[in-house]
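Participant: Sequence first, predicted coordinates after that:
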Protein chains: 2
Amino acid sequence: MADTNTIKRLTRRTLSGQIAEEIRQAILSGVFPLGSQLNEMELAEKFGVSRGPVREALQRLIQEALLVSEPHRGVFVPELNDRDLSDIFFVREAIEGSAIRRVMKSEALPEVSLTLKRLVVRMDEAARAEDWPLVADLDMEFHRELVDAAGSSRLSRMYATVQAETKLCLLMLRGGYRGSAALVEEHRRLADIIASGNVAAAVDELPKHFGDPVRIMHKANAARERGSSSEAA
Amino acid sequence: MADTNTIKRLTRRTLSGQIAEEIRQAILSGVFPLGSQLNEMELAEKFGVSRGPVREALQRLIQEALLVSEPHRGVFVPELNDRDLSDIFFVREAIEGSAIRRVMKSEALPEVSLTLKRLVVRMDEAARAEDWPLVADLDMEFHRELVDAAGSSRLSRMYATVQAETKLCLLMLRGGYRGSAALVEEHRRLADIIASGNVAAAVDELPKHFGDPVRIMHKANAARERGSSSEAA
DNA sequence: AACATTCGGATTGTTGACAATCCTAAAACT
DNA sequence: AGTTTTAGGATTGTCAACAATCCGAATGTT
């Protein structure tokens, strides 16, 4: 047997696990509006189960920062403010930066570069077809691929949760996701720099890459909060 | 009213939260040996509560990677192998590296440096008194302080979980925590470099700082596994 | 009219019991 | 004797009911 590294994934699907996955998808799809409350009993009978598994599923999503719990009040879809937004992208930069550094030092760099460039091609096709949801998905996949290539299970897991929060951010500007073809170009640029082997340049590119979305989202967030008088932080 | 120091403990302690904290401390104190199983019913009656809150507490700790769950089998204190060990310190390097970069760019650097140097002083005192547990605690605090200084709640939270795993690592070499005064010197060195403002030097110092513990633990781990014929990874 | 108080509805937090699953080990078979 | 089968025990997974807590509206007071 050549590879024994496949550790026999007996993913024993537990009920609460399935429910968590279901609710997670629902949140990230915008089924539950930001700030809305999730009723345990309601979810329970919607899934045809008791409140126990639902509670456990919610607990898990709380740990993933996809929900926030106010004791004796309920669990809510969080509303992200500017601080959160900056923080999320700061952490993304931290994680992806480390991933880039490690990948570019490894001998798997050519392979990873190829994978990334293929993703850019698909992203380009999607952009030409103006399939913006697909573009967004490929954007996510691009960065996830990059982080996973580092081969650190912990880094990947951490990144997964931050990426989920990023999706939450995208929900804030519903449909307003900039469909500019510039996005494709940015990723192509990033992929090229990574392939080039210039570590410093690659790491420097990340803030530029994230700069735009952060600014755009901040703007959208400010516009959204302009209507409701908010608390000063 | 002159004193507003009562910071209004809004921290509504939920029962499961308290239990989680209790179990967490127990795990990190080595009350539960590595690889041992945690019985829900047993814990429940030990805490004088039902299995519900205990289950939720365990769920939380599982998410923190302080426990692993095998469906329909039970939850166990994880046994960390060499891969885990390397991974943990890789992630620590990633997080602390980003924290250092941000802190050293901020104007709070002098203040942070001072705090770190004070910690080194305390660590030195503890080392002279040969109070190694305290030295270990101060080691943890040093790095946590550094990360917290970055002002990113998400980075801090992620680091907290990795640091908990680090404590798990220390449990592997029970009591064998090297009490060398070199540890103090290393931290002093790191604090000095950070204070100096030389970002590149500071970031370069991290791998050196982590190099020793990783090697030592690998050695200890190998020695520990020498007795039991283990599966080849 | 403005403020404090109390009551009601709703939701979460907790409990004890029941069902499903897994591991161990004894027993039956070749 | 060695291997398969099958019961036993134990533990987790799930459920429905009970208790505690919180929010908001209605009521009473100044």
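Facilitator: Nice, thanks for sending it over. Numbers count the residues shown, from 1 in each chain, chains lettered A, B, ... in the order given.
Participant: Could you check stretch A:69-79 and say which residues are buried?
Facilitator: Buried residues in stretch A:69-79, counting neighbours by 16 or more other C-beta atoms under 10 Å in any protein chain shown, are found at A:69, A:75-79. The way it works is simple: take the backbone N, C-alpha and C, and place the C-beta from them, glycine included.
Participant: could these be laid out in TSV, adding secondary structure, pLDDT and distance to chain B?
Facilitator: Below are these laid out as TSV (DSSP: H, G, I helix; E, B strand; the rest coil; pLDDT from 0 to 100; distance: C-beta to the nearest C-beta, whole Å):
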residue	secondary structure	pLDDT	distance to chain B
A:Ser69	strand	92	8
A:Val75	strand	94	12
A:Phe76	strand	95	15
A:Val77	coil	95	17
A:Pro78	coil	94	12
A:Glu79	coil	90	15
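Participant: Strands of chain A, residue ranges please.
Facilitator: Taking DSSP state E to define them, one finds strands in chain A at A:37-38, A:68-70, A:74-76.
Participant: wait, which of the ones you listed is closest to B:Gly197?
Facilitator: Closest to B:Gly197 of these, according to C-beta to C-beta: strand A:68-70, at 38.2 Å.
Participant: What lies in contact with the closest one?
Facilitator: Strand A:68-70 is contacted by residues A:58, A:62, A:75-76, A:78 when judged by C-beta atoms under 8 Å, 6 or more residues apart in numbering or on different chains.
Participant: Spell out which residues of chain A are next to DNA strand D.
Facilitator: Neighbours of DNA strand D within chain A, by C-beta under 7 Å from any atom of the strand: A:14-16, A:49-53, A:56, A:72-73.
Participant: Tell me the one of the residues you listed nearest A:Leu109?
Facilitator: Once C-beta to C-beta is applied, the member of the residues of chain A next to DNA strand D that ends up nearest A:Leu109 is A:Thr14, at 38.3 Å.
Participant: What is the burial count for the closest one?
Facilitator: Neighbours of A:Thr14 under the rule other C-beta atoms under 10 Å in any protein chain shown: 15.
Participant: Which residues are in contact with A:Arg189?
Facilitator: A:Arg189 neighbours (C-beta under 8 Å, 6+ apart): A:Glu205.
Participant: can you pull the pLDDT of it?
Facilitator: Looking at A:Arg189, its pLDDT stands at 94.
Participant: now do the one 4 residues further on
Facilitator: Reading off the per-residue confidence, A:Ile193 sits at a pLDDT of 96.
Participant: separation between it and A:Ser98?
Facilitator: For A:Ile193, the distance to A:Ser98 equals 16 Å [C-beta to C-beta, to the nearest Å].
Participant: Kindly report the same for A:Ala191.
Facilitator: Shown here: A:Ala191 relative to A:Ser98, a distance of 18 Å by C-beta to C-beta.
Participant: same thing with A:His72?
Facilitator: Taking C-beta to C-beta, one finds A:His72 at 40 Å from A:Ser98.
Participant: ok, now A:Met104?
Facilitator: Using C-beta to C-beta, we find A:Met104 at a distance of 11 Å from A:Ser98.
Participant: contacting residues for the most centrally placed residue in chain A?
Facilitator: Chain A has A:Gln163 as the residue nearest its centroid, 1.8 Å off, counting by C-alpha atoms, centre = their mean. Going by C-beta under 8 Å, 6+ apart, A:Gln163 touches A:92, A:140, A:143-144.
Participant: Around chain B, pick out the residues from chain A.
Facilitator: Residues of chain A lying near chain B by C-beta under 8 Å from any C-beta of the partner chain: A:4-5, A:12, A:14, A:55-56, A:59-60, A:63-65, A:71-72, A:87-88, A:90-91, A:93-95, A:97-98, A:102, A:152-155, A:158, A:162.
Participant: near DNA strand C, which residues of chain A show up?
Facilitator: A:12, A:37-41, A:51-52, A:55, A:69, A:71-75.
Participant: any idea how far A:Ala65 lies from A:Met158?
Facilitator: For A:Ala65, the distance to A:Met158 equals 11 Å [C-beta to C-beta].
Participant: Need phi/psi at A:Glu130.
Facilitator: When read as degrees, to the nearest 10, the backbone of A:Glu130 gives phi 60, psi 30.
Participant: can you pull the pLDDT of it?
Facilitator: On the pLDDT scale, A:Glu130 gets 89.
Participant: count of residues packed around it?
Facilitator: Neighbour tally, A:Glu130, other C-beta under 10 Å: 10.
Participant: What of A:Met217?
Facilitator: Other residues lying near A:Met217 total 23 when counted by other C-beta under 10 Å.
Participant: Chain neighbours aside, what residue packs nearest to the residue of chain A found nearest DNA strand D?
Facilitator: Closest to DNA strand D within chain A is A:Leu15: 2.4 Å, counting by C-beta to the nearest atom of the strand. Setting aside the residues directly before and after it, A:Leu15 is nearest to A:Pro53 in space (C-beta to C-beta, 6 or more residues apart in numbering or on different chains), at 4.7 Å.
Participant: contacting residues around the one you found?
Facilitator: The contact partners of A:Pro53, by C-beta under 8 Å, 6+ apart, come to A:15-16, A:19, A:44, A:47.
Participant: So which residues of chain A form helices?
Facilitator: Along chain A, counting by DSSP state H, helices occupy A:15-28, A:40-47, A:51-63, A:82-105, A:109-128, A:132-148, A:153-172, A:182-196, A:199-227.
Participant: Sketch out the low-pLDDT regions of chain A for me.
Facilitator: Counting by pLDDT under 70, the ranges of chain A that qualify are A:1-12, A:174-180, A:212-213, A:221-233.
Participant: Please tell me how far A:Ala65 sits from B:Arg102.
Facilitator: 20 Å.
Participant: swap that for A:Asp87, sorry
Facilitator: From A:Asp87 to B:Arg102 the distance is 11 Å (C-beta to C-beta).
Participant: Please enumerate the shared neighbours of those two.
Facilitator: By C-beta under 8 Å, 6+ apart, A:Asp87 and B:Arg102 have these common neighbours: B:Ser152.
Participant: Show the contacting residues for the residue lying closest to A:Gly30 once chain neighbours are set aside.
Facilitator: Closest residue to A:Gly30 apart from its sequence neighbours, by C-beta to C-beta, 6+ apart: A:Leu171 at 5.0 Å. By C-beta under 8 Å, 6+ apart, the contact list for A:Leu171 reads A:28, A:30, A:34.
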